[in-house]
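Novice: no FASTA, just this:
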């Protein structure tokens, strides 16, 4: 297989054969024409073509592909299509596909498969690969060890540049990347890094120890995979070495794997912010209704029960609350929730990018307090004008008086300030106690701010209107 980060050909959508035409060729057994049409398609486009075809053609088309293209296309498919094909493969066909896959891709596939399919995959993997796969699967979930590949180029420190280039020629076909290579001692302890550029511009008789960069940035097998992805982004690496507790090189994490981690974590955070228990890798239209219900109902029940607090607060003031003030409760609660949500999402994003730590809490509060005051004054003045002009004059509501407008505007001003501070603080506090900051985003922030905004509104009304 070719290196994943190299695109050899660019294709326009118009150049991709329509699935209907391909189905016709397959049904007419014009296999040579099928091969001509698909052999130059990029694997991602070819995988999409499978989704458009009737399932009865899947195994037939797959068997017409070259081994290398078949393996690359297989990696791009979703787990359902992969499982269906594996079921139809003979042991020999499955073994051939697995031989073409990189170890990390095989591990990714295994993690999505049911136990019976996993057993068959392991049975048909080469014995050396099977040992490595089992080792990777034993690493903690979400650790660097679970996303690394063991297929990298390694040199020993006593090699020369000529030795290294010869070694690359011998092993490159089985390695995920050959641009960044690693120099180790005989005990596999990581000593340094050399790039293909270093090798090409150096004298063949130069010792690797003379040209390698020994200031190596590495990660450990148990490091969080999201932090590893952030390091790759921070330093602009194509790959980063992974070492064990004794500083022995055991694998590398490549930039494409890091991108997958970032996308996965972003989807999980988005799901939590939308009050969904977990993100799904399955496309929406293919997701079972029952699975969607299971992911949404826990938060809906929690948020429904938490609204009891707002009801209790409102109920305690109900008798003394003028009817006109009830009209503005949705506006105050909604604006407060939106204000808190803005701060929460901003801080949560900064935490995920490793820009903020708990030690920054007071600096964050001070910044959000100033932002809150500016936002609150702006919205407060606009609210006062809106209540007086629109609700009072334009809509002709005689109950809307100057004190009522002042009560609403002042309440909204205080609510925005408090919401900004709360929304910025809770994600950092959650991170400190080991919770996911995304959990503290919109759903919980909104619920908490709703209760606080009611208390502020009712207390301001008591003092301004002498209730």
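Specialist: Now that the structure is in, tell me what you want to look at. In this text the structure is predicted, and so the values were computed from the model without any measurement. Numbers count the residues shown, from 1 in each chain.
Novice: ok, and for the helix or strand encompassing residue 162, which residues are buried?
Specialist: Residue 162 belongs to helix 161-171 when assigned by DSSP states H and E. Buried residues in helix 161-171, defined by neighbour count with 16 or more other CB atoms under 10 Å: 161, 163-165, 167-168. The C-beta positions use only the backbone N, C-alpha and C, and glycine is treated the same way.
Novice: Which other helices and strands does whichever helix or strand comes after it contact?
Specialist: In the C-terminal direction, the helix or strand that comes right after helix 161-171 (DSSP H and E) is strand 180-184. Applying 3 or more CB pairs under 8 Å, 6 or more residues apart in numbering; DSSP states H and E, one finds that strand 180-184 contacts strand 154-156, strand 190-195, helix 196-201, strand 249-254.
Novice: Check which residues of the third one are buried.
Specialist: Read it as helix 196-201. For helix 196-201, a neighbour-count test (16+ other CB under 10 Å) marks 196, 198-199 as buried.
Novice: picking that back up, got the angle for the helix holding residue 162 vs strand 180-184?
Specialist: Angle of helix 161-171 versus strand 180-184, following axes from the mean of the first three to the mean of the last three CA atoms, to 10 degrees, is 110 degrees.
Novice: Number the chain from 287, please
Specialist: Taking 287 as the first residue, the last one we looked at is helix 447-457.
Novice: From the contact counts, what lies against helix 447-457?
Specialist: Other elements packing on helix 447-457 under the criterion 3+ CB pairs under 8 Å, 6+ apart are strand 440-442, helix 482-487, helix 494-497.
Novice: at 6 Å instead, please
Specialist: helix 482-487 (3 or more CB pairs under 6 Å, 6 or more residues apart in numbering; DSSP states H and E).
Novice: Now the helix it packs on: average pLDDT?
Specialist: Over the span of helix 482-487, the pLDDT mean works out to 92.
Novice: swap in stretch 439-448?
Specialist: For stretch 439-448, the mean per-residue pLDDT is 92.
Novice: now the end-to-end length of it.
Specialist: From its first residue to its last, stretch 439-448 covers 15 Å (CA to CA, to the nearest Å).
Novice: for it, which positions count as buried?
Specialist: By 16+ other CB under 10 Å, the buried positions in stretch 439-448 come out as 439-443, 445-447.
Novice: Looking at those residues, which one is closest to residue 383?
Specialist: Of all the buried residues of stretch 439-448, residue 383 sits closest to residue 439, with 23.9 Å by CB to CB.
Novice: Need phi/psi at the closest one.
Specialist: Note on residue 439: backbone dihedrals following degrees, to the nearest 10 are phi -100, psi 130.
Novice: Touching, it and residue 467? I think so.
Specialist: Yes: using CB atoms under 6 Å, residue 439 is in contact with residue 467, at 4.2 Å.
Novice: Need the residue in the chain that's farthest from the chain's center.
Specialist: The centre of the chain is farthest from one residue, residue 684, which by CA atoms, centre = their mean lies 53.0 Å away.
Novice: Helix, strand, or coil at residue 532?
Specialist: Using DSSP: H, G, I helix; E, B strand; the rest coil as the criterion, the local structure at residue 532 reads coil.
Novice: okay, residue 386: pLDDT?
Specialist: In this prediction, residue 386 carries a pLDDT score of 88.
Novice: need the contact list for the residue lying closest to it once chain neighbours are set aside.
Specialist: Closest residue to residue 386 apart from its sequence neighbours, by CB to CB, 6 or more residues apart in numbering: residue 357 at 3.4 Å. The contact partners of residue 357, taken as CB atoms under 6 Å, 6 or more residues apart in numbering, are 383, 386-387.
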